[in-house]
Every structure is written in C-alpha cells, then in structure tokens.
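Asker: Requesting a structural model of the entry that follows:
(3 chains)
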Amino acid sequence: MTDVMHVLPYLVAAWVFLAGCYGLATSRNLIHAVGCLSVCQAATYVLLLGVGYRKDATAPVFSDIKPGSRTVVDPVVQALTLTDVVVGATVTALLLALVVQIAKRHGTVDPDELSELRG
Amino acid sequence: MNDLLPLLVAVPILGAALLVAGGRRMSRPVAELAACTISGGTAGLALVLLLNSSPPMTEWVGGWTPVNGESVGIVLTGDGPGLGMAALASLLTFAALVYSWHYFDEPPRRHAGSFPALMLLFQAGMCGFAIAGDLFNLFVWFELMSVVAYALTGTRVEDAKVVQGALTFAVVTSLGAYAVLMGIGMLYARTGELALTQIGRGLDAHGGPDALTLAAFVLILTGLLVKSAAVPFHFWLPDAHAVAPTPVCMLLSGVMVELGTYGVWRVYGTVFSGPGGVPDADFERGLVVLGVLTAVVGAVMCWYQRHIKRLLACSTVAHTGLFLIGIGVLTPEGDDGVALYVLGHAGVKAALFACTGVLLDRYGSVDERALHGKARELRPVAVMYVIGALALAGLPPFGTALGKAVTEEAVGGPLTVLMVAATVLTAGAVLRVAAGVFFGLGPEPGSSDEYETTGTGEEPETGRRISRVPDTMTAVPAVLLAAALAVGVAPGFAGLVSHGVGESGSGGLVVSAPHWTLPGVLLGLVSTLLAVGLAALAVTRPALLTAPDWAQPLRRLQSGHVGDYVAWLLVGAVLLGALALPGVAGS
Amino acid sequence: MSRRVRLWLVLAAGTGLAVLLVAACLDLPNFGGDRHPYGDRAVRASIARHTANVISSVNFDQRAFDTLGEMTILFGAVLGCVMLLRQTRDEHRARPRPAEVAPPVRRYALLVLPVALVTGIYVVAHGQLSPGGGFQGGVVAATALHLLYLGADYGALERIRPLGVYEVGDALAASAYVVLGLAGLLGSTAFLANSLLPYGTFNTLSSGGTVPLLNAAIGMEVACAVVLLLARFLDQAVEIEKENGE
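Answerer: Numbering: from 1, shown residues only, chains lettered A, B, ... in the order given. Presented below is the predicted three-dimensional model:
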C-alpha cells in the first residue's frame, strides 16, 4: 500500500465528523440537523472499522472457513460498531420525535425561528 | 460481594421492564410503590457495597477474570467514588420518585408505569456509568442516561418551550457522545485495549504523549464536559432545566451533571495520568481555566435570571466550575473537598428544585417577578428555601460548607476568592428570590422587555393547581436538606469519604481526614453574610437586577439556537486542545 | 448570534479541530496493520466456546454487559417515544381512510412479506453461526410487517399489530435478557456468565451456550421495539390530528 493509503481511512473519518459538525451548526432545518448528527456518528463507524482492518483478512465468522486457516479482521470493533449503530438509530428516533412536536408547537422547523428560550 | 456489582444496573432495568410489561394492568399506586421499592432497594444495595468497598472491588462481568493479566470481558470498578456516586444517584432517584408520588401528572394515559420506568432506567444508566471500568462500557451507560434524560426532559410536549429545550439538550449531548466515541476509537487503535487501566498502561508503554494522545484526550473530555456543563459546553443546561419536570431537574442538577465531572476525574486518573498521557500541568491548566470561566459565567448568568428554575440551573453551572477547579489542581485534598461538596450540593440543589416545584404546582408560575409576595402562606417551604440558599452560600455546618472549605484550602490564593465570589453571587440570587416570593420584601417589580425567558404561564405538573401542599412534596426537600447537613456534621463521615477517594485516586495517597478548620468556618460565615447582604441590596435596589451593558452580550449568547451551541462546542474543544498543547508539544 | 458570526466561529474552530484530528490520524498505526491484541483474544475465546460468529460471541458472551446497555437504550427510546408522541389534550384521533393501492405494488408487497419475515427469523436464529443476529434479524422481521402498510392499507397493518401485545413482548424480552444474566449469577459464577449450558458442537444451531438464548431475546426485543417506534410515527402521520381542523 502507498503511504497515503495508510492514513486515508482515518482522514475520511475526521473529514466526515467535521462535515457533520459544520452542517449541524449552520443547519436551517431541524430534520436536516438530525441528519447531520447521524453524519457525525457515521464518522465513528468509519474510524472504528478502519482501526480494526487487517490487510488481506476476511470476516471473523467461521461458519464456512476453518478456524486458523485465514487471518480475520478485528471482531471487537465490529461489535462496537453494531452497538453504535443501534445507539444512533434510537437517538435519531427520539430526536425526530422531538422535531415532530416542535413542528406542531412552533409551526416551523427552522432553528432560527425558535425563540422560546433565551437569556 | 464483588459479584453483586452488576446488580446495581440489572435490578433497575429488570424493574423497569416488569413495570412496562404490567403497566396496562397496574393501578398507579401499585406502579409507584413498585418503582420506589426497586429504586430504594438498589440504593440499599449500593450503600451495602459502598460500606464494603475498602479495599476497592473489581468485577469481571460474565466471569471473564483475566488469565495472565489479559481478559476479553468488561470490568466494573467498585471503589469509594464509583459506588458513592452510584449510591447518590440511587438515593436521589428514590427521593424524586417519592416527590412525584400520586400528585405528579404522569403522561401518557393508560401507561401507568412509563414515567417511573424511565426514572428507573435513568438510575440504571447513572449507576452503570459510575461503576464502569471499561471505556466503551462507560460510553454505553453515558448514552443510556442521556437518551432517557432527553425523553424525561421532553415529558410535557404540549409546551413549545419544552420541546425546544429537550431538542437542544439532545443534539449537543449526542454530539459530545460521538466525540467520546471518536476518542475511544483512537485509543483502541493505539493500545488495542478497552479497559481503562489497560489503556493507560498501553499509552505509557508507547512512550511520551503525541498528537494522538492529545486528540483522544480532547475528544473524550469534550463529551464528558458537555455532560458536566462546563463553559462553553454548558448552554444546553439552563434550557433543559427550565423545561424539565421538577423530579427530573432534581436528578439532572443533583447528580447527572456531577457524574460528568466524576467521569473527567476517573478517565484522567486511570487513562491519561501516566507518563504516556497528558502531563499534570496541562491537565491542571485546562481544567482550572475552564473551571474559572464556568464559575464566572454561571454566577453572572444566575444573578440576572427571573425564571427560578433557570436561576437554579445557572447556579449549578457555577458550582460545576468550582468542582472542576477542585479536581483540576490534582491534590488529594482537592479531590476530598470536591467529593464532600458534590454530596452536600446534591442535597441542597435537589431540595431547592423540589421547593420550586411546589411553587409551580401551587401558582402555575416559576417567575420571580410574577410570584412577588404571592407565597406568603407557604411558611415551611419558605423556611426550607432560605436554609437551602444559606447552605448554598456555605453556611457551616452544612456539607456544602465543609466541602467548599476543604476545596478552598486545596486550591488556595486567588482561586479561593473566586470560589467565595461565585457562591456569594449564586446564593445571593436564591436568597433574593426567597425574600421577594415568600416574604414580599422590596417594591412590586414592574414589567421589563429584556432579552430573556420568563417563568410565567407554566402548566402545573400536578394536572391542576394544588390547593394544599402534599406532605410528600415538603418531606422530600426537608430530608434532603437534613442529609446535606449530615454530610457536614456526621462524625467520621468526612474521614470515610476521604479514605474512599484516597484509596482509588491515582496517587493512592492517604491524607489526614478533612475536618473543619477555623479559616474554613470563617470563610463560610463570611460568604453567608455577603450573600445575605447582596440579597438585601438587591431587594432595596431593584436596578441591580437589570443586566448592565457588559453582561448583555453574555445573556445574548444563551440564544436557545442549536447551531450556536454546536459552534461553541467546537470552540470549547479547540480551547481545551490549546490549553493542553504546551506539554504535549514539548515532550 | 447572527448567521455570519456563527459561520466564522464554526470555520475558525473547525480549522483548529481539523488540524488536531489530522495530526492525530498521522500518529495512528498504519491502516491494515497486524496488531490487534484484544481482537486476537476475542477470536480465541469465541472458538473455545464453540461460537462460529465471533462478533456474536463478543456481543452476547464476552461483552454481553455492553449489549445489556444497548438493549436498554433501545427499550428506553421506545418508552420515550411513547411519551413524546402521545396524543395530547388538544388532539384527537381520526379514523384512517382505506387507501387504493396499485395492483402490482399490492402483489409484490404481499409476496415479499412472508419471505422477508422468514428471512428475519432465520437471521436471528443463525446469529451465533453466520453474519447477523438478534439486532439485524429483528429489524428485518419488524419492517417485513410494514409491507402490509404498503401493500394494503393502515387498517390492515393495525389488525396484525395489536400494540399492547408488542409492548408486553418488548418488556418481557428485555426482562428475559436480565433474567438470563441473573441465572448466570445464581447458578454459576457471575452475572451474564456463559457457563450454564453445554457449548455444543461447533457450527450447529445449539452451539455457544447461552449465546443463542440472549440472541433470541434481543431479536424479539428489537422486533417489538421497531414495530412500536414505527407505530408512534405512523400514528402521528396518519391518525393524530389537531382538535380544530388543520
């Protein structure tokens, strides 16, 4: 692998995280903002899976390969990512539920127009 | 004994699940009694474990005890601070459940068990976070307490304010949580481990700190500081506290925010304090600077609030600053002081929120000006409010005073002045509210058109306004205040706390037990007198309550805009990185 | 803050954070490297306990305590959504109108529904053997039911979806996970210990000790939870209306 490939996946993760933060801060629509939060979270998937990758390795599942016959990628990060996915889905569900109620009570989903709390 | 540690989490979860399963067939009193029993039982278990936590326990869940020092399991830490926080969280959950007994209007209909079940899940999350000895497991419980807290904060969806406050809370905290996870990914890449102590050893084995260490430190601390509401990560807190139901406020301010600070202490002590981590001087600089900022901003914001729940919330921000300074100086005495301070503060702050809830349910308002002179008839509540405010100022012999005195001695110098100033300002604000609302002192306030959230037009949490204050609603704050007093006066208690903290602290140094000293008592009395004086001044000179020009921008920053808060979170992360940079760059 | 100020603040802070993250990335071990101490141990532990899918072994055996938290987060989110998306005092329920569905859509949906449902159950059942498990299969099974909403209409979906039953199922599945953990504490060595049942023959349905049981509990919990979550959102979209028109 070339030198760039040694860090590229990590740089992608950093880029995705920052892009999500940018979108979240400048969002004009709360549904879009919830999406941006998921983008930030996607960065954690990329980072975790990137960290666990091993060159020329296969999935850590031995139903069709003999244990020890091939190298496998790190199973721990995959389990962590699975947990992360579930956490992300539930947070998104709760946030969208709140956005549904904001749309009803405020009549808008533009964060610039929410002015109930300040000072 | 140590194999019982996971039960601190398992029991409330099982209780919540059974409450939901039976919720449709259960009458409300049965559901509430069950919830109180489970929560109280867990608190009892936490206390029993706490009394047996010397020497500290560890438990490998699933029986994955290490072989040759290596394990694939998750480790739990049953030491004094961890079990102490778990016990505090459990006791406060129990108090909040008793407070909401029978009168609290629990939506939704036909789901009698939902609200108590969520409270139990909150308890489980906080206990799990407190005893976690594995970084990813810490994240999981962090998320559980966050997710449940969002839902609980948004309980009263009919109100436009509520949904906005809950959403900003949820977005900012979730972003913090993902930052933590990025940091975990980096540490896992470097060390290949997830248990806190193993990560620490892995960092040390790798050599001195580098950019990766710094980035992981910044990312993980960002998430934890969002939870503990340090400036500039704090914006969600006044918004969430202003809108959350009172029993939930008691938990948010009393223990959840402090758990964030505890997390900083735990993670730094086990992961980053070695030679491969972040040097002590950098950590100290970062935490003390953020702590000072937090204390100043919190205290100033607190003084100018008229929404009583927001006022108490800003006072929590100010106190968080003091806690951060206390653990930031990295001395055993500082740790002891903060431990005592957190315990005392939890009782006092939860009691003040409970009293404010009575005002809300009785008069349908939490606005200082609208309530002026209205609550003359609530004598017992008035007395508790004043006692709570004085305890907040540091009146000996309350636990807050002892904790504050010990911390002040540990930090020394100008920081002591800052601590006195912050407590005087926040306690003065609470006393001023008490004087106006309960005693009608000072002139009738006029209307104002300032940039602020008022506390008028709120729905009582009891469904309709109560004509008589229920005994549970007055008994709970009374007991909480008594507990805060006990922290300061119970013989040998401070020694026990110090022993527990010392045994698990990074240095393992056992210092002499914290005790009342003459300067400490005098400083406490001076703070109290100054707070009373300040409140008296505010009552006679209402012009003091209008924010002057220099404070206006500070108030405008608290804009309720989720984009602003995210921007400040990024600024905070960079600030933390810059503060911790010198040592990392120099090594 | 005005939008301009916020943008500048984000750009400045974002640049600082970007510098820090890029510097950190350069210090990370090379992508595809061979050093994974925890991962190697996890593979050995999984094979020792006859669990062919190492990820399931990590999730339901080695780090089953994480999964307890994860399941509880889902359970809490469902409770939270029930609370947040309730019918408030100023709203009422409208009867959903029957909908016309184009015949090809109807045929396709009704054809795929049983296939998707069986696939979901298969994925759950083979969690300890092949990729997948309770979380993945649970989601597939739950969404399969919603093909009825596409293929027929909301009324049809509601008939096969008595929410009370799913609520109880969700709660009982969550309890089952904790009870299995407690059984480990009472009958064996530790909470969530996987030493009550024989580990069975490698690569068969009954291998892995308690892994298949925990996996099944999660499958049921996830399926019920997803049905309940979707039901709350569909409720808002289809049934719940503001009191005075709108």
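Asker: how much space between residue A:43 and chain B?
Answerer: Separation of residue A:43 from chain B (C-beta to the nearest C-beta, to the nearest Å): 7 Å. C-betas here are computed from N, CA, C, even on glycine.
Asker: Make sure that residue is indeed in a strand.
Answerer: No: per DSSP: H, G, I helix; E, B strand; the rest coil, residue A:43 lies outside any strand segment and is helix.
Asker: That one against residue B:179, yeah?
Answerer: No: using C-beta atoms under 8 Å, residue A:43 is not in contact with residue B:179; the gap is 9.8 Å.
Asker: Among these two, which residue is more densely surrounded?
Answerer: Applying other C-beta atoms under 10 Å in any protein chain shown to residue A:43 and residue B:179 shows that residue B:179 carries more neighbours, namely 28 against 25.
Asker: Contacts only, for the more buried one.
Answerer: The contact partners of residue B:179, by C-beta atoms under 8 Å, 6 or more residues apart in numbering or on different chains, come to B:219-220, B:222-223, B:573.
Asker: out of everything not next to it in sequence, what's closest to the residue of chain A with the smallest separation from chain B?
Answerer: Ranking the residues of chain A by distance to chain B (C-beta to the nearest C-beta) places residue A:119 first, at 3.1 Å. Excluding its sequence neighbours, the residue lying closest to residue A:119 (C-beta to C-beta, 6 or more residues apart in numbering or on different chains) is residue B:452, at 3.1 Å.
Asker: and that neighbour, how many neighbours?
Answerer: Going by other C-beta under 10 Å, the residues that sit close to residue B:452 add up to 18.
Asker: cool, and the one 5 residues further on?
Answerer: Residue B:457: 11 surrounding residues under other C-beta under 10 Å.
Asker: The residue nearest to it when sequence neighbours are not counted: what secondary structure?
Answerer: In space, and not counting its chain neighbours, residue B:457 is closest to residue B:365: 7.3 Å by C-beta to C-beta, 6+ apart. Of the three states, residue B:365 takes coil under three-state DSSP.
Asker: quick one: contacts for residue B:369?
Answerer: Neighbouring residues of residue B:369 by C-beta under 8 Å, 6+ apart: B:306, B:436, B:445, B:447-448, B:454.
Asker: OK, contacts around residue B:261?
Answerer: Applying C-beta under 8 Å, 6+ apart, one finds that residue B:261 lies in contact with B:224, B:228, B:320, B:323-324, B:327, B:338, B:342.
Asker: Of the residues you listed, which is the nearest to chain C?
Answerer: Using C-beta to the nearest C-beta, those come closest to chain C at residue B:224, 16.9 Å.
Asker: shouldn't the closest one be in contact with residue B:173?
Answerer: No: contact criterion C-beta under 8 Å: residue B:224 and residue B:173 do not qualify, at 10.8 Å.
Asker: List, one by one, the residues from the stretch 301-450 of chain B near chain A.
Answerer: B:304-305, B:450 (C-beta under 8 Å from any C-beta of the partner chain).
Asker: Which of those sits closest to chain A?
Answerer: For these, the nearest to chain A is residue B:450 (6.7 Å; C-beta to the nearest C-beta).
Asker: And for the closest one, the neighbour number?
Answerer: As a burial measure, residue B:450 scores 15 neighbours (other C-beta under 10 Å).
Asker: Surely it is in contact with residue A:118?
Answerer: No: counting by C-beta under 8 Å, residue B:450 does not reach residue A:118; the two are 9.9 Å apart.
Asker: list the residues that contact both of these two?
Answerer: residue B:555.
Asker: which non-adjacent residue is nearest residue B:268?
Answerer: Spatial nearest neighbour of residue B:268, chain neighbours left out: residue B:283 (6.0 Å); criterion: C-beta to C-beta, 6+ apart.
Asker: If you count neighbours, what's buried in the helix or strand bottoming out on mean pLDDT in chain C?
Answerer: Lowest on mean pLDDT, DSSP states H and E among the helices and strands of chain C sits strand C:240-242, with a mean of 76. Within strand C:240-242, the residues scored as buried using 16 or more other C-beta atoms under 10 Å in any protein chain shown are residue C:240.
Asker: what lines up beside that strand in the sheet?
Answerer: Partner strands and pairing direction for strand C:240-242 (DSSP bridges) are strand C:91-93 (antiparallel).
Asker: that older thread, present the contacts of residue B:261 as CSV; the columns should include neighbour count, pLDDT and distance to chain C.
Answerer: Shown next, in CSV, are the contacts of residue B:261 (neighbours: other C-beta atoms under 10 Å in any protein chain shown; pLDDT from 0 to 100; distance: C-beta to the nearest C-beta, whole Å):
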residue, neighbour count, pLDDT, distance to chain C
B:224, 27, 97, 17
B:228, 28, 95, 20
B:320, 29, 96, 22
B:323, 31, 97, 25
B:324, 28, 97, 21
B:327, 26, 94, 24
B:338, 30, 96, 27
B:342, 29, 97, 24
